[in-house]
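J.: need the 3D shape of this:
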Amino acid sequence: MSFFGKVRNTINLLKSVDLDQLAKVNEQIDLSEAMKTLGTLDERQLQGLMKMLKTKRTKKQHELPPVDGDFYNLEEKLTPDQKALQFKVREVMQNEVRPIVNDYWNRAKFPFEIIEKFRELNITGVPYKGYGCPDLPFLMEGIIAQEIARVDVSISTFFGVHSGLAMGSIYLCGSEEQKQEWLPKMQKLEKIGAFGLTEPNVGSGVAGGLETTCKFDGENWVLDGQKKWIGNATFADVIIIWARDVDSNQVKGFLVRKENPGFKAEKMQDKMALRIVQNALITLTDCRIPESDRLQKVNSFKDTANVLRMTRAGVAWQAVGCARGAYESALKYTKEREQFGRPIASYQLIQNHLVEMLSNLTAMQTLVFRLSEMQDQDLLTDEHASLAKVYCSMRTRDVVSRAREVMGGNGILLEYDVARFVADAEAIYSYEGTKEINSLIVGRAITGFSAFVS
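T.: Below is the predicted model:
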């Protein structure tokens, strides 16, 4: 090209360049070095660079689908009133709980201010009839558990212990007088409940090995022993304590009030999961309980198992909520996080992880929906609840692991929420019956052989 041709091209180039913008770029990088580098690129490399720059410049024009973990639109199975309640719970969890939950989780404290918010929602004792309870389907109890766990599993556990295990024990096993005394106040969250079954030396073997004992002395029941991992127990007004009668060797249940002499609750420290839940080590020393506070309809561990069967479905829903929260957090993050000039959600490996997560989540959702339908139809058995607990707790582990993986190093920071879901999934995996114990319950049902050690 002639000298004058080069000058003409240079003038035309300068006309097309925004000199102010060029000056800004020069403040950020050495333009002379950049030009030397560009001059070494071949045609294919230059085309790739221009494609990346154009993609980055036009990305805002691309309308992305919403972040929603209900891929099969299962929520459409709910009635308009049920969906309205679901979104009320979601709104409270998003607006009132999410902003504070990481701080409380980090400090292992309980946010007592949320109790008033739950009281206004009127969601306590959802499936129970009478005593001020909503009398809604078990499906709604599951939906509510999912919505709470979708933001924080600890808060869902607090709610499940109070509304499910504690209230459920009184509802299924208490006398009418006991129900009238406790359920209306517990429904309004004026009184808080806890559930004391697990012991320091007895977890999976509670059916036949409770070390906490009770004995009637002619006037009162005398309780001695310890309970461990008892959620809500540091501040609960009433704790359902299960003990073995030394005379009959059968399990009995008691309404132990926090002011009972001989009752002591010590907060457990240094947990890596469910840090908001105030778990306690309970010590019962010559704790005297009147006959009027013995659960009148408990005659053996079978009655305890009825409570666990009812609430185990709720734990499966909690697992779904935990998985959904992790998936949705990860999906949102991958759409916003950029590497190499593009959102990481646009890369094949990330999309594969997201689809694996969504597959697990959707399978879990369809399972628990059917589980709650069976519960509402009075078809639920131990093995049905146990299968849901096994599958959902296992798959949740996989979902939260992949969520942490796609977020890279940020996945271990509380500010992105997924780290909390990863830790709390470990607690879901173990409580309300371990994976192994629940597997043996299902195995007994499908084979006809019991593999439990006798």
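
J.: now the longest helix along the chain: buried residues?
T.: What stands out as the longest helix in the chain, according to DSSP state H, is helix 301-336. By 16 or more other Cβ atoms under 10 Å, the buried positions in helix 301-336 come out as 301, 303-304, 306-331, 333-334. C-beta coordinates here come from the backbone N, C-alpha and C atoms, glycine included.

J.: next SSE downstream of that helix?
T.: Next along the chain after helix 301-336, taking DSSP states H and E as the criterion, comes strand 338-339.

J.: the helix or strand that that following strand is followed by packs against which elements?
T.: Downstream of strand 338-339, the next assigned helix or strand under DSSP H and E is strand 342-343. Contact here means 3 or more Cβ pairs under 8 Å, 6 or more residues apart in numbering; DSSP states H and E; on that basis strand 342-343 packs against helix 43-58, helix 301-336.

J.: worst average pLDDT in these?
T.: Mean pLDDT is lowest for helix 43-58 among the helices and strands packed on strand 342-343, at a mean of 66.

J.: which of the residues in the helix or strand just after it are buried?
T.: Once helix 43-58 ends, the next helix or strand along the chain (criterion: DSSP H and E) is helix 80-92. For helix 80-92, the neighbour count (16+ other Cβ under 10 Å) marks 82, 85-86, 88-90, 92 as buried.

J.: can I get these in JSON lines including distance to I428 and pLDDT?
T.: Formatted as JSON lines, those follow (distance: Cβ to Cβ, whole Å; pLDDT from 0 to 100):
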{"residue": "Q82", "distance to I428": "25", "pLDDT": "96"}
{"residue": "L85", "distance to I428": "24", "pLDDT": "96"}
{"residue": "Q86", "distance to I428": "21", "pLDDT": "97"}
{"residue": "K88", "distance to I428": "25", "pLDDT": "97"}
{"residue": "V89", "distance to I428": "19", "pLDDT": "97"}
{"residue": "R90", "distance to I428": "20", "pLDDT": "97"}
{"residue": "V92", "distance to I428": "22", "pLDDT": "97"}
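
J.: quick one: L371 and G314 touch, right?
T.: No - the criterion here is Cβ atoms under 8 Å, and L371 misses it with G314 at 10.1 Å.

J.: joint contacts of these two?
T.: Taking Cβ atoms under 8 Å, 6 or more residues apart in numbering as the contact rule, L371 and G314 both touch G142.

J.: quick one: buried residues of the helix or strand R402 falls within?
T.: Using DSSP H and E, R402 sits within helix 382-406. Under the neighbour-count criterion of 16+ other Cβ under 10 Å, helix 382-406 has 382-404, 406 buried.

J.: helices or strands up against that helix?
T.: Using 3+ Cβ pairs under 8 Å, 6+ apart, helix 382-406 sits against helix 301-336, helix 348-376, helix 418-430, helix 435-447.

J.: chain center to that helix, what's the gap?
T.: 11 Å (Cα atoms, centre = their mean, to the nearest Å).

J.: how near is Y333 to M407?
T.: 5 Å (Cβ to Cβ, to the nearest Å).

J.: now do the shared contacts for the two.
T.: 416, 418.

J.: pretty sure T396 sits against V368.
T.: No - if you go by Cβ under 8 Å, T396 and V368 don't touch, sitting 11.5 Å apart.

J.: okay, and the common contacts of these two?
T.: Joint contacts of T396 and V368 (Cβ under 8 Å, 6+ apart) are V320.

J.: name the spans of this structure whose pLDDT lies under the cut-off.
T.: 1-19, 22, 25-26, 31, 38, 52-61, 203-208, 454 (pLDDT under 70).

J.: using the three-state scheme, assign the nearest residue to S154 once chain neighbours are set aside.
T.: Once flanking residues are discounted, S154 sits nearest to I276: 3.4 Å by Cβ to Cβ, 6 or more residues apart in numbering. The three-state label given to I276 by DSSP: H, G, I helix; E, B strand; the rest coil is coil.

J.: quick check: I276 vs R107, distance?
T.: Distance from I276 to R107, by Cβ to Cβ: 9 Å.

J.: which one of those two has more residues nearby?
T.: Taking neighbours as other Cβ atoms under 10 Å, I276 and R107 compare with I276 leading, 23 against 10.

J.: do I have it right that that one meets N106?
T.: No - with contact defined as Cβ under 8 Å, I276 does not reach N106; the gap is 9.6 Å.

J.: tell me the buried residues in the helix or strand where K179 lies?
T.: Here K179, judged by DSSP H and E, is contained in helix 176-187. Of the residues in helix 176-187, 178-179, 181-187 count as buried by neighbour count, 16+ other Cβ under 10 Å.

J.: going by distance to E219, which of these wins?
T.: Looking at the buried residues of helix 176-187 and their distance to E219, the nearest is Q178, at 19.1 Å (Cβ to Cβ).

J.: find the nearest non-adjacent residue to that closest one, please.
T.: Closest to Q178 by Cβ to Cβ, 6+ apart is I170, at 5.9 Å.

J.: nothing else from me, thank you.
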